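> got a predicted structure here, sequence first:
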Amino acid sequence: MNAAGLRAARDRLRRAARVAVLTGAGVSKESGIPTFREAQTGLWARFSPEELASPQAYRRDPEQVWRWYAERYRNCIRAEPNRAHRLLADLEMRRPEALLLVTQNVDGLHARAGSQRVQELHGNLTQARCERCQRTAPLGDPDTLELPPPCPHCGSPMRPNVVWFGENLPSSALEAAYVAFLEAEVALVIGTSGVVEPAASLARLTAQQGGLVIEINPEATPLSAYANLSLRTGASEGLSRLLDD
């Protein structure tokens, strides 16, 4: 990408009244959080993700599923937001009514970095959801966590508050994401492979409406053909270049 194109993209981003952002595992990987499939290491290497992240697996052995999620939860709360998380939070702070951040990540790092307008398509690993009353509650100390944890409201067992294989995405988050990308003058897609639907199609909505699509990812993805600007680098470096920070 030439310097003139990057300057033009920066200008469009500064002037945009509506900005939609989609983030994926590449953003959190810079904080040391393994991707979903990379979490199949050590004790869990003999399992496929589908064997641990499904309603069927949970019904079969809820304690085993919770042990895996407890390990992932421990990694999340020990990680710190990185520069990409902070740059996106700063961008929202400067444009609080203009930006909506949609994430496929379940680690809660965007909120910890200061982002407030966040839609979590795949749930949040730092929370549990009651199997009976459906209320959510934050998880406590991972070293003393009862598995499965009891609901603080009704005492029933709780499950991880994430979307499993075979389950629908939360309708409110998905609807908000669709609206944001349909209305966006600029869409940023950062650190995602562009293959997991329906998130992979969000930026195409922006492109179809004539908006500017900016992709930040080290490798080409199926979205690259729709992007007006592709920065072939990591999330933090790409956002720093784009925001001229």
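Perfect, thanks for sending it.

> name the next helix or strand downstream of the helix or strand of the chain with the lowest mean pLDDT, please.
Least confident helix or strand of the chain, by mean pLDDT, DSSP states H and E, is helix 49-52 with a mean of 80. Where DSSP states H and E defines the elements, the next helix or strand beyond helix 49-52 is helix 55-60.

> the helix or strand just after that following helix - contacts with which helices or strands?
Once the chain leaves helix 55-60, the next helix or strand it forms, by DSSP H and E, is helix 62-78. Contact partners of helix 62-78 among helices and strands, from 3 or more CB pairs under 8 Å, 6 or more residues apart in numbering; DSSP states H and E: helix 49-52, helix 55-60, strand 123-130, strand 158-162. For every residue, glycine as well, the C-beta is placed using N, CA and C.

> now helix 62-78 against strand 123-130, angle please.
130 degrees (axes from the mean of the first three to the mean of the last three CA atoms, to 10 degrees).

> by contact count, what packs against the next helix or strand after helix 62-78?
For helix 62-78, the following helix or strand on the C-terminal side (DSSP H and E) is helix 83-94. With contacts defined as 3+ CB pairs under 8 Å, 6+ apart, helix 83-94 has these neighbours: strand 19-23, strand 99-103, helix 109-113, helix 235-242.

> how does it look with 10 Å?
strand 19-23, helix 25-29, strand 99-103, helix 109-113, strand 118-120, strand 186-190, helix 235-242 (3 or more CB pairs under 10 Å, 6 or more residues apart in numbering; DSSP states H and E).

> in PDB, list the C-alpha atoms belonging to it.
Coordinates of each C-alpha in helix 83-94 appear next as PDB, following Å, rounded to 0.1, in the frame of the first residue of the first chain:
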ATOM      1  CA  ARG A  83      -1.500  -1.600  22.400                       C
ATOM      2  CA  ALA A  84      -4.200  -2.600  19.800                       C
ATOM      3  CA  HIS A  85      -6.800  -2.800  22.600                       C
ATOM      4  CA  ARG A  86      -5.800   0.600  24.000                       C
ATOM      5  CA  LEU A  87      -5.700   2.300  20.600                       C
ATOM      6  CA  LEU A  88      -9.200   1.100  19.800                       C
ATOM      7  CA  ALA A  89     -10.400   2.300  23.300                       C
ATOM      8  CA  ASP A  90      -8.700   5.700  22.600                       C
ATOM      9  CA  LEU A  91     -10.400   5.900  19.200                       C
ATOM     10  CA  GLU A  92     -13.800   5.300  20.800                       C
ATOM     11  CA  MET A  93     -13.100   7.900  23.500                       C
ATOM     12  CA  ARG A  94     -12.400  10.500  20.800                       C
END
